[in-house]
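> Build me a model from this:
(one chain, ligands or ions: 1)
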Amino acid sequence: MSAAYPFGFLDEYAKKEVRRTTLKAVAIPGYQVPYSSREMPMGRGFGTGGLQLTLALIGEGETLKVIDQGSDDSVNAVSLRSFIEMTCAGINTTTKTEEADLIQSRHRIPEKDLREDQLLVLQVPYPDPLVVVEPSEDKRKTLHGEADYSRLLVKLYEDIVKFDEITISHRYPTRINNHYVIDSSPIPRWDVPKLHQSKALVLFGAGREKKIYAVPPYTKAEPLAFEDVPFRVENFTDNNGQRRSCQRCNCTSSFLDEFIDSTTGKKVYQCSDTDWCDTQQSLNRSTQAATDSENVSKIGEIAHG
Ligand SMILES: [Zn+2]
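So this is what the prediction gives:
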């Protein structure tokens, strides 16, 4: 395949356009910059926007991590990773968040804090948060330009009237740098505060809708809310007020996925970020090993004393 296609599958002009669009997106935080999204050898909606960003930005010798819902092993992540590996000779891939230069993700921001030298690319199905209140793109552009989000706020208010709280579970509208409100992509509310003053550059790519936008490093990102009804993230406490823990690693500070145990029929919880979960497990093991060896040496001291 490498003989027939240039590095990164896209031709140089396409990559250059994506990079120029990215620069504009960084210069105007939260603004949806149009670009001529290319046909990719996979369906729109499978992350073609994120993929084009990754292909245009990754370089030889750099390390890539691809996740879908926090997992490196799901179908979407595996397919995208193998396509990028196939078309970008000389790049490395990893499942470890801290080893990655570029992370492409669908539906999650890694649990571990990202660094300034890392880049996060999020796949976006619907880039415009105003689409729920205004069908015309022309009118939406004017509303964005004037930072007029009153209709969006009315929508949130209606939620509160009907359900006593804002019911948006993902794609939470978030105001960037005091102006543009973005669709934060289908990440859970849990991840939205991670956009605020993020050390890493966060790029959003919508292939079907042909838009790229960005939350640059150290930029204000505020989820829309009201003074008396503040924004809140998912609640993982049980009926007794105890924070639920991951059944694999016992972590009580991560975003949890809910499963039904097929043998017991009970609900069980597990970290959604698999790399985080594995890291916590190995930390647990090394703490246990340290305690064990301490005990052994104590027994040794007692025996010798
Ligand atoms: Zn876990």
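> Let me see the mean pLDDT of stretch 268-287.
What stretch 268-287 shows for mean pLDDT is 94.
> where along the stretch 101-250 of the chain do the strands fall?
For the stretch 101-250 of the chain, the strands defined by DSSP state E, counting those that start in this stretch occupy 102-106, 119-123, 173-176, 181-183, 201-206, 211-215, 221-223.
> Show me what from this protein comes close to the ion.
Cys246, Arg248, Cys249, Cys251, Cys271, Cys277 (Cβ under 5 Å from the ion). No exception for glycine: its C-beta is placed from N, CA and C like everyone else's.
> got the strands of the stretch 101-250 of the chain as CSV, with mean pLDDT and mean neighbour count columns?
Below are the strands of the stretch 101-250 of the chain laid out as CSV (pLDDT from 0 to 100; neighbours: other Cβ atoms under 10 Å):
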stretch, mean pLDDT, mean neighbour count
strand 102-106, 97, 25
strand 119-123, 98, 26
strand 173-176, 97, 22
strand 181-183, 98, 25
strand 201-206, 98, 26
strand 211-215, 98, 28
strand 221-223, 97, 20
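> a markdown table for those strands, including distance to Asp68?
As requested, those are exported to a markdown table (distance: least, Cβ to Cβ, whole Å):
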| stretch | distance to Asp68 |
| --- | --- |
| strand 102-106 | 5 |
| strand 119-123 | 9 |
| strand 173-176 | 22 |
| strand 181-183 | 18 |
| strand 201-206 | 15 |
| strand 211-215 | 20 |
| strand 221-223 | 23 |
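> Can you pull the phi/psi pair for the closest residue in space to Asn250 that isn't next to it in sequence?
Nearest residue to Asn250, sequence neighbours excluded (Cβ to Cβ, 6 or more residues apart in numbering): Asn284, at 6.8 Å. Dihedral pair for Asn284: phi -60, psi -40, per degrees, to the nearest 10.
> count of neighbours near Asn284?
Asn284: 14 surrounding residues under other Cβ atoms under 10 Å.
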